[in-house]
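Visitor: Sharing a model prediction with you, sequence too.
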Amino acid sequence: MVTGDGDGSAPAGPDVTVVVLTRNRADEVAATVGGLVALPDRPAVIVVDNGSSDGTVARLRAGYPEIEVLEAGRNLGAAGRNLGVRRAATPLVALCDDDTGWLPGSLARARAALDADHRIAVVSGRVVVAPDGRDDATCAVMAASPIPARPGLPGPPVLGFLAGASMVRREAFLAAGGFEPRLLIGGEEELLTLDLARLGWDVVYLEDVVVSHRPSSRRDGGGRKVLQVRNRLWVSWLRHPPDLAARRTAEAVRRATRDADVARGLIRAAAGLPWVVRNRRALPPRVASAARLVEAARLVEAGKPRPAPAAGTYAGSNSR
């Protein structure tokens, strides 16, 4: 039997599609696609282009005629992935950013976990950051998840995941509505995870599913921070129980007094309150309890001395 990478796992095969999201990163996405088509799994590959103006679409179509390139026509943010998942003809879809790449054997291991437990909607893998191969800090947080696991889960259950290093069950992803377009970038995984949990699905972290991250220099730190603050508040107001939503809001207000980007994010969040009120859905008690455990663990961790984040820490691709 042909194996994934010598661990006895079969290649992921034709039942898996990889959806890559990109915008104005022609060099990075070409390298990512090259790595994907060279995998022994031979997955179908769909690239969703979020309105690139640097020749990305033409370059991919000329260089990789075996893949499909979908043109969103504009920047849909993380919701561009929804186009690729809907287009996929397979029950499982691996998500990939234009600066991440699935390592040999990892597609097969993610698929095996999803095949073995049909209550799992998403497997989130471990991200190793090039060139030194260190684990992204977010992975340690997921590995230490305080949420009690039901019997048989292959990894810790989490209330969030790294989209560019995940495999999703297409049925569950679409049933939960995919990524919320209004968020653009930042917080989309948390909102989707909460909605999956509301529907009874699990999201798990698997350390042996490994995705590499080659940090791109094309990032908008200030603009991204504003969106992250806004979206963090929106997600909490949309789903969290009142005590957690109030805590996040108070934290943002305190930070806004000394950080202009946080203040702008808070103002943008407040401007979206009518939309939030129309779309609020309370979490069932079991999911609300899990959210409280995660928040309590975050507060404990926040109180510990820690080094400054290293350059290139993964927070989702900036290609959206």
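Guide: Yep, that arrived.
Visitor: Measure how far stretch 104-122 is from the centre of its chain, please.
Guide: 16 Å (CA atoms, centre = their mean, to the nearest Å).
Visitor: Can you mark which positions in that stretch are buried?
Guide: 104-114, 120-122 (16 or more other CB atoms under 10 Å). Yep, even glycine has a C-beta here, placed from its N, CA and C like the rest.
Visitor: ok, which pair from those residues is furthest apart?
Guide: Pairwise distances across the buried residues of stretch 104-122 peak at 24.6 Å for Pro104 and Ala121 (criterion: CB to CB).
Visitor: Now the strand ranked longest in the chain: average pLDDT?
Guide: For the chain, the strand with the greatest residue count under DSSP state E is strand 202-213. Averaged across strand 202-213, the pLDDT comes to 98.
Visitor: The residue nearest to Thr100 when sequence neighbours are not counted and Ser216, how far apart?
Guide: With sequence-adjacent residues excluded and distances taken as CB to CB, 6 or more residues apart in numbering, Thr100 is closest to Gly164, at 4.5 Å. Gly164 is 12 Å from Ser216, where distance means CB to CB, to the nearest Å.
Visitor: Give me the more crowded residue out of those two.
Guide: Gly164 (30 against 17; other CB atoms under 10 Å).
Visitor: Report the separation between that one and Thr257.
Guide: 33 Å.
Visitor: Residue ranges in the protein under the pLDDT threshold?
Guide: Counting by pLDDT under 70, the chain contains low-confidence ranges at 1-14, 217-222, 304-320.
Visitor: Would you map the helices across it?
Guide: 26-37, 56-63, 80-87, 106-116, 137-143, 170-175, 188-198, 221-239, 242-256, 260-271, 273-279, 285-302 (DSSP state H).
Visitor: okay if I get those helices as a markdown table plus distance to Gly73?
Guide: Below are the helices of the chain laid out as a markdown table (distance: least, CB to CB, whole Å):
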| stretch | distance to Gly73 |
| --- | --- |
| helix 26-37 | 17 |
| helix 56-63 | 11 |
| helix 80-87 | 10 |
| helix 106-116 | 29 |
| helix 137-143 | 31 |
| helix 170-175 | 21 |
| helix 188-198 | 20 |
| helix 221-239 | 21 |
| helix 242-256 | 33 |
| helix 260-271 | 24 |
| helix 273-279 | 23 |
| helix 285-302 | 36 |
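Visitor: out of the ones you listed, which comes closest to Ala130?
Guide: That would be helix 26-37 among those, by CB to CB, at 11.2 Å.
Visitor: The closest one relative to helix 106-116, how many degrees between them?
Guide: 60 degrees (axes from the mean of the first three to the mean of the last three CA atoms, to 10 degrees).
Visitor: Quick test: name the residue nearest the centre of this structure.
Guide: Ala163 (1.7 Å; CA atoms, centre = their mean).
Visitor: Now do the same contact list for that one.
Guide: Going by CB atoms under 8 Å, 6 or more residues apart in numbering, Ala163 touches 78, 81, 95, 97, 179, 188-189, 316.
Visitor: of all the helices of the chain, which lies closest to Arg150?
Guide: Going by CB to CB, the one of the helices of the chain nearest Arg150 is helix 285-302, 10.7 Å.
Visitor: quick one: buried residues of the closest one?
Guide: So, applying 16+ other CB under 10 Å, buried residues of helix 285-302: 287-288, 290-292, 294-295.
Visitor: In TSV, list these along with distance to Ala197.
Guide: Output for the buried residues of helix 285-302, formatted as TSV (distance: CB to CB, whole Å):
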residue	distance to Ala197
Val287	4
Ala288	10
Ala290	7
Ala291	9
Arg292	13
Val294	11
Glu295	15
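Visitor: The residues you listed: which two are farthest apart?
Guide: Largest pairwise distance in the buried residues of helix 285-302, by CB to CB, is 12.7 Å, between Val287 and Glu295.
Visitor: which ones are touching the closest residue to Ala297 other than its chain neighbours?
Guide: Leaving out its chain neighbours, the residue that sits closest to Ala297 by CB to CB, 6+ apart is Pro146, at 4.6 Å. Listed by CB under 8 Å, 6+ apart, the contact set of Pro146 reads 293-294, 296-297.
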